[in-house]
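Visitor: The following comprises the amino acid sequence and a computationally predicted model.
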Number of protein chains: 4
Amino acid sequence: MELGIIGMGKMGLPLALNGRDKGLDIVVHTTGVEKLAMLEREGVRGFARLEEFTAALRRPRAIWLMVPAGKAVDDTIARLLPLLEGGDCIIDGGNSHYRDSQRRHQELGDRDIHFLDVGTSGGTGGARNGACLMIGGDAAVYAALEPVFVALSGGMGCALLGPSGAGHYVKMIHNGIEYGMMQAIGEGLEILRHGPLPLELDRVTAVWQRGSIVSGLLLDVTAAALAREPGLESIQGIVAASGEANWTVEEAVRIGVSAPVIATALFSRFKSQDKLRYAEKTVAAMRREFGGHSVVADQGE
Amino acid sequence: MELGIIGMGKMGLPLALNGRDKGLDIVVHTTGVEKLAMLEREGVRGFARLEEFTAALRRPRAIWLMVPAGKAVDDTIARLLPLLEGGDCIIDGGNSHYRDSQRRHQELGDRDIHFLDVGTSGGTGGARNGACLMIGGDAAVYAALEPVFVALSGGMGCALLGPSGAGHYVKMIHNGIEYGMMQAIGEGLEILRHGPLPLELDRVTAVWQRGSIVSGLLLDVTAAALAREPGLESIQGIVAASGEANWTVEEAVRIGVSAPVIATALFSRFKSQDKLRYAEKTVAAMRREFGGHSVVADQGE
Amino acid sequence: MELGIIGMGKMGLPLALNGRDKGLDIVVHTTGVEKLAMLEREGVRGFARLEEFTAALRRPRAIWLMVPAGKAVDDTIARLLPLLEGGDCIIDGGNSHYRDSQRRHQELGDRDIHFLDVGTSGGTGGARNGACLMIGGDAAVYAALEPVFVALSGGMGCALLGPSGAGHYVKMIHNGIEYGMMQAIGEGLEILRHGPLPLELDRVTAVWQRGSIVSGLLLDVTAAALAREPGLESIQGIVAASGEANWTVEEAVRIGVSAPVIATALFSRFKSQDKLRYAEKTVAAMRREFGGHSVVADQGE
Amino acid sequence: MELGIIGMGKMGLPLALNGRDKGLDIVVHTTGVEKLAMLEREGVRGFARLEEFTAALRRPRAIWLMVPAGKAVDDTIARLLPLLEGGDCIIDGGNSHYRDSQRRHQELGDRDIHFLDVGTSGGTGGARNGACLMIGGDAAVYAALEPVFVALSGGMGCALLGPSGAGHYVKMIHNGIEYGMMQAIGEGLEILRHGPLPLELDRVTAVWQRGSIVSGLLLDVTAAALAREPGLESIQGIVAASGEANWTVEEAVRIGVSAPVIATALFSRFKSQDKLRYAEKTVAAMRREFGGHSVVADQGE
């Protein structure tokens, strides 16, 4: 079965190789000359010009987008549209907002182009070897493309979860959960790091990986990172928040559901990026004001 | 290799059968007549009288306690002590507080009895098929008994993590992390449950199990529970807190480490048990007082 | 000085009487026949028909809206517009979203109608005796109407805080803080209520009112409520969330600022309204699944 | 009425002057020569030797301790005991743990020395002009000394709240609430500081002081601090936690009451002191590991 892929970044490239390994006929579009050369060596056809890419695909085309959420998705679709024909299908495998996906499904449907939203989890390793795919859209469209999803997921972790938007909605919440789980692990390890006993955290996480209640993919990556550098001295304690947990908190607020752990995990990342610390300054200033408590003077940079 | 086990409850019984399957010579003590009969049918020797149990064990004895934390551990040790001899080893595989374990190690050491503290994770399934064992104590004592731990853990998830107390310290923090992860999953599923899309949560969790970033043992048990009853109608939203996450929060406060997600997860369980809701009443009363907002009148039971 | 007021609800009515007491010439619009009669007895002119109301106001008119945020504000403005003339000013004293206020300022400005957004705090008592007024808009427009604000605030708690939107932005954050403070008080009182000592919470809060660090308006209303009913038996622990703290959390997420206490306070209200408790059910189900822990069976209603 | 005071620190000194102003006959003990001279100029008798201090007090003596919680209180009591006589009363006005106060009440009672535990709130300003006094102990002992408390509190904010320990228990929870309220204010101001509108936070807090729902002593001190330095550039965002909120969280955990806002406020202070940020490093490392996300490299100091 054939699959076109646009976007040869951190996720798209391993996904292409994964598809090739699983027997899919992968055709990619990227403007990166070196990437095209590399892919050719790997046996994957690639085209730098979008017209050639779409022309190379058999109809009805199945085109997987693996580009950044937001404007890049809309732009890519706009450039693709004149080159597509009725019955073709666009698959958005990125981290789009589910309402954008619902809108795109509607707009494309008006032009007889199919659209599936696919939340892709498992990281770069999953993309390469077998991703977890949460899919939203029309049942018939999904059914026709199911072999693609089965192949990319290694045969297990894919399912149509609901109507258009369901894939990205479930992926959004998945990431919210992920933030909470990661923060829980971080807090626990921080206690161990500062606690009274001399513990080697690489050994601790290596044991937890194997059969404990907290075992799972996140423990695996934690143990892998600590195995290389238990003290994590080479990196700073600054954590980016890439968007979907933000949406999860917004969604919780919007529908009136309590999500304190997910929100606190997100806020911990925000705080890790905060250099000004105005909240803390305010609290310190209050203490000085009412209690005569000393504050830590700023020494400049 | 021989292992005596005291305590044939939810964890002790499957551990005994696990040890037998892995080639250990298991001898148990329990006063439960039916359990003794059942164990005999299973090929495990058991004794209702403690004296017979200790007499049946080869020296130096290795005796695993699987009894509730606190007084039950001290009582069992007190009854065992007159029956033990120098060089015997008591292994506490329960959820004791690490400072109790440190004290017991000291007290028993004064009488030439060895002591290892073992945090046991993996639930009843792990106990039966291969548990994750986090161990604290003296290196030589551990080395002598390592085959026991390797057998019970199915060969992988066991390690000496540090001096006396380290096993239960690490288990305590493990459970704190577990609380945070469980709450994160619960919050995410609650959003999905109330969200705008018609989702079948058993299908969602079944996909997440397979290759997603949040996959792991907790997702496995969630998916198993939802597969049987997606709406969880048969159970109430009341969650017990069994102690170790309480200790984790206390420890975080004691050593000055920030653990908001773990604490919030613990407090969510407390709140689930709270019928009075005095905090909420207070906030509702304030709103009525300053803003004339209506409150929900209590209708009695 | 003259002020027209539309909206004779919980806040508008006391505000009208407050203005009258402070020497403003208050003219109101309401369709409530009884309210009009009552206001007439109180010496306040009122009109049931909007045309009569606007005709009765001297130009340039100053019209204060005290209606629910959202559609009601837009609808009222739409009905007013044909009756207004260049140089008139609409003052939105309700809890509108600041971006709505910015939009209305723009739209009205295009038609030469002025617009001020006013966050009004202090509850019904403040509205009656002296409100705290946080104001956004054009400096010249504010200057012309400053006597109105000074009068309504009792001479002290009013200020132009910035350009259009600033009043409602600051009020939004004010309410977020309020949620956090109320939750902190509620939690503290819940601990006292369940703690080991026999304490009368009306006495406790009465002492705190007078000179403690936590003294202030919220303590005053708490003490007033507890003075009447220390156990708060007559009301249920269910708390509404009226919108601005929701926006505060959304804004924090939007601009990447950490606000865990405000978010947790908001989520505590959401949870107080939650009858399904699916998150808690999920956590309980996980515990049963991996640990054989008992759950509380649902007995139906 | 006469009152002896031991401890002329940040709180004790203004309390002595306060008592003098309110007509109490204040006698102090301090080893600070300059402080003694200053107090003499202020008309307060002071003694550098404890024996002279106790000898100067009329029987039954009333001696107020204003020394750091913990060992200093026990040490002071131990030195005082040989110099006291039956019927004398020790008043602990510091921030002792309530269980220490209950113990001291018991131990001193066995020697016929009375003991009252007094939670003192209102900061240094309250100590100087009228403190909020939360008192625990025996009713008859309190009644005999009530004029002292009435004087020091400026006549209003004092009450016997329960048996021994009640004063410090209530003060402990008071401080927990205080932490939550301070954090809520800090978070709100941080949003305003980073938000889209140009706001002067000294003006904002000055308005909030006057009649808003969040008005109160904490807003007063915030506004005072921001009036001097709106950007708080001179101080760092590092906040100490002095102990009672720690105890509040421990108590909440101990009795099973949910206190997420108070705990999160406490943890925010802990995090402000954390230079290592191991939790954040761990989360960043996980992201790199599974997603190939970049981390911020540590550049050293």
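Guide: Now that the structure is in, tell me what you want to look at. Numbering: from 1, shown residues only, chains lettered A, B, ... in the order given.

Visitor: Domain map for chain A?
Guide: Residue ranges for the structural domains of chain A, counted by automatic domain parsing, are given in the record as A:2-163, A:171-277.

Visitor: Please convert those domains to TSV, extending it with mean pLDDT and distance to C:V239.
Guide: (Each C-beta comes from the backbone N, C-alpha and C, glycine too.) Converted to TSV, the domains of chain A look like this (pLDDT from 0 to 100; distance: least, C-beta to C-beta, whole Å):
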stretch	mean pLDDT	distance to C:V239
domain A:2-163	96	29
domain A:171-277	97	12
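
Visitor: What residue in the stretch 201-301 of chain A comes nearest to chain B?
Guide: Closest residue of the stretch 201-301 of chain A to chain B, C-beta to the nearest C-beta: A:G216 (1.6 Å).

Visitor: need the contact list for that residue.
Guide: The contact partners of A:G216, taken as C-beta atoms under 8 Å, 6 or more residues apart in numbering or on different chains, are B:V214, B:S215, B:G216, B:L217, B:L218, B:L219.

Visitor: ok, what's across the strand from it?
Guide: A:G216 forms beta bridges with B:G216, as assigned by DSSP bridges.

Visitor: gap between it and C:S258?
Guide: Noted for A:G216: a distance of 27 Å to C:S258, by C-beta to C-beta, to the nearest Å.

Visitor: Could you do A:N175 as well?
Guide: On the measure of C-beta to C-beta, A:N175 and C:S258 end up 18 Å apart.

Visitor: How about A:I6?
Guide: Counting by C-beta to C-beta - A:I6 and C:S258 are separated by 36 Å.

Visitor: A:A285 too?
Guide: 18 Å.

Visitor: neighbour-wise, which of the two wins?
Guide: More crowded of A:A285 and C:S258, by other C-beta atoms under 10 Å in any protein chain shown: C:S258, with 28 against 25.

Visitor: Which strand or helix spans the nearest residue to A:G130 once chain neighbours are set aside?
Guide: Using C-beta to C-beta, 6 or more residues apart in numbering or on different chains and skipping residues adjacent in sequence, the residue nearest A:G130 is A:G154, 2.7 Å away. For A:G154, there is no enclosing helix or strand under DSSP states H and E.

Visitor: Which residues are in contact with the closest residue to A:M156 other than its chain neighbours?
Guide: Counting by C-beta to C-beta, 6+ apart, B:R210 is the residue found nearest to A:M156 once chain neighbours are left out, at 4.3 Å. For B:R210, the contact set (C-beta under 8 Å, 6+ apart) comprises A:C132, A:S153, A:M156, A:G157.

Visitor: For the third one, the count of nearby residues, please.
Guide: When you say that, I think you mean A:M156. Quick note: A:M156 (other C-beta under 10 Å) scores 15 neighbours.

Visitor: and stretch A:65-73, how far apart are its ends?
Guide: Stretch A:65-73 has an end-to-end distance of 8 Å (C-alpha to C-alpha, to the nearest Å).

Visitor: again with stretch A:118-136
Guide: First-to-last residue span, stretch A:118-136, C-alpha to C-alpha: 6 Å.

Visitor: Show me which residues of it are buried.
Guide: Across stretch A:118-136, burial judged by 16 or more other C-beta atoms under 10 Å in any protein chain shown covers A:118-136.

Visitor: ok, A:A227 touching A:D202?
Guide: Yes - between A:A227 and A:D202 there is a contact at 5.1 Å, judged by C-beta atoms under 8 Å.

Visitor: Between the two, point out the one with more neighbours.
Guide: A:D202 (17 against 12).

Visitor: Tell me which helix or strand that one sits in.
Guide: Using DSSP H and E, A:D202 sits within helix A:201-208.

Visitor: what sits against the closest residue to A:V33 other than its chain neighbours?
Guide: Nearest residue to A:V33 in three dimensions, chain neighbours excluded: A:A48, at 7.2 Å (C-beta to C-beta, 6+ apart). Contacts for A:A48 (C-beta under 8 Å, 6+ apart) come out as A:H29, A:T30, A:T31, A:V33, A:L36.

Visitor: From these, which land in strands?
Guide: A:H29 (DSSP state E).

Visitor: so which pair among the contacts of A:A48 is furthest apart in space?
Guide: A:H29 and A:V33 (13.0 Å; C-beta to C-beta).

Visitor: Settle it for me: which of these two has more neighbours?
Guide: A:H29 (26 against 9).
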